[in-house]
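A.B. asks: below is the sequence, then the predicted model.
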Amino acid sequence: MLRALPEVRAVRRALAALALCSGFAASAAELAEPSATRADFALRRAAMTSRLRIQSASLLPGQTLELAGVDRAGAPLPIAVEGASGLERIDASRVRFRAGTKPGLNTLRVRSDAAREEIVLQVFVEVPASRMRGTSLDGYEIGRYPARDPNDPPPPGFIRVTEANRGTRVSPHFRLGDFLCKQKSGYPKYLVLDPRLPPKLEALLDAVHATGRRAETLVIMSGYRTPSYHRAIGDRTDRSRHLWGAAADVYLDADGDGSMDDLDRNGIVDVRDAAFLFGLADALDRAPTEDWTVGGASVYPATRAHGPFVHLDVRGRAARW
């Protein structure tokens, strides 16, 4: 990943400080306020607990995922789950889902009678990486991941994306196709999507709304990158979170002109608007609650190819550059 220029880092620091003291950034209390995107109960799965009304997960064929309902205080809450075969009741608040042998989408509907609400969980059964032939999968070029590292192994599988399922919502404001690699190819395409990334983007969008600005979504300029594409665009880092579907380069474009909006409202669109968005992302990492994960964040200025944007990821630890 390109390193931010010194002057960009200086602007970023200044804007982040200004955001925290002037009301540019939402306070922790504002960020914790419920929104229309969240239910009055939460779904706990693996290491994640989320109240988002639409969530996503991915499994290899035959793998299992335990789902648990919890109330706002974190106490077990009875749930009912339907929508696919492979469901097994554990107790009143827990259900186990076993993925079938065929890759594809399973839409699970998790209902809480106590909360009188429903959460939709989109479970993608992946195509195992073992089915790759050389560096491609079904003719889709993926390339080679870095040498095996026990802390950072290559993805074990890939989500098969078709024209039919690319519009599937993986969270209230983001679709599966939003995260596709930008390399040119026909369908099917393949991607990796860390389930922690859509909640982080939803949290950032909530923070934007808390400032009084309105936008239907964030534009994902770059989501998943295959190692092949990553190298083709000249990025020599081999541990980029983009390669694991755990990072996104984003900007806010409510007016639809294809570039960052004038977020600081000074009449000019430049790196300071990206710094404004960075300030909100930075505030999330300083007060992580509920379902977003601490990660990396940085500001990038406009070039001839694109406008200013913000990188954020869910690496599990704070990183700034």
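C.D. replies: The structure has been received and is ready for your questions. Residues are numbered from 1 along each chain as shown.

A.B. asks: isn't residue 317 right next to residue 294, touching?
C.D. replies: Yes. Counting by CB atoms under 8 Å, residue 317 touches residue 294, with 6.2 Å between them. The C-beta positions use only the backbone N, C-alpha and C, and glycine is treated the same way.

A.B. asks: neighbour count winner among these two?
C.D. replies: Taking neighbours as other CB atoms under 10 Å, residue 317 and residue 294 compare with residue 294 leading, 18 against 9.

A.B. asks: helix/strand/coil for the more buried one?
C.D. replies: At residue 294, secondary structure determined by DSSP: H, G, I helix; E, B strand; the rest coil is coil.

A.B. asks: let me see the contact set for it.
C.D. replies: By CB atoms under 8 Å, 6 or more residues apart in numbering, the contact list for residue 294 reads 285, 288, 314, 316, 317, 318.

A.B. asks: pLDDT-wise, what's the bottom of those?
C.D. replies: Lowest pLDDT among the contacts of residue 294: residue 288, with 77.

A.B. asks: any idea which element it lies in?
C.D. replies: Under DSSP states H and E, no helix or strand contains residue 288.

A.B. asks: what do you get for residue 228?
C.D. replies: Assigned by DSSP H and E, residue 228 belongs to helix 227-232.

A.B. asks: check residue 88 too.
C.D. replies: Using DSSP H and E, residue 88 sits within strand 87-91.

A.B. asks: which neighbouring elements make contact with that strand?
C.D. replies: strand 94-98 (3 or more CB pairs under 8 Å, 6 or more residues apart in numbering; DSSP states H and E).

A.B. asks: what mean pLDDT would you report for the strand it packs on?
C.D. replies: Taken as a whole, strand 94-98 has an average pLDDT of 98.

A.B. asks: contacts for the helix holding residue 228?
C.D. replies: Against helix 227-232 from outside (CB under 8 Å, 6+ apart): 135, 141-146, 181-183, 238, 240, 242-243.

A.B. asks: where are the low-confidence patches of the protein?
C.D. replies: Along the chain, the parts satisfying pLDDT under 70 run over 1-35.

A.B. asks: swap the cut-off to 50 and go again
C.D. replies: By pLDDT under 50, the weakly predicted segments of the chain are 1-8, 12, 14-34.

A.B. asks: how close does residue 247 sit to residue 66?
C.D. replies: Plainly put, residue 247 is 27 Å away from residue 66 if you go by CB to CB, to the nearest Å.

A.B. asks: got it, and residue 202?
C.D. replies: Taking CB to CB, one finds residue 202 at 23 Å from residue 66.

A.B. asks: and residue 131, by the same measure?
C.D. replies: Counting by CB to CB - residue 131 and residue 66 are separated by 26 Å.

A.B. asks: with residue 108 instead?
C.D. replies: For residue 108, the distance to residue 66 (CB to CB) stands at 12 Å.

A.B. asks: who touches both of those two?
C.D. replies: When contacts are counted by CB under 8 Å, 6+ apart, residue 108 and residue 66 have residue 97 as shared neighbours.
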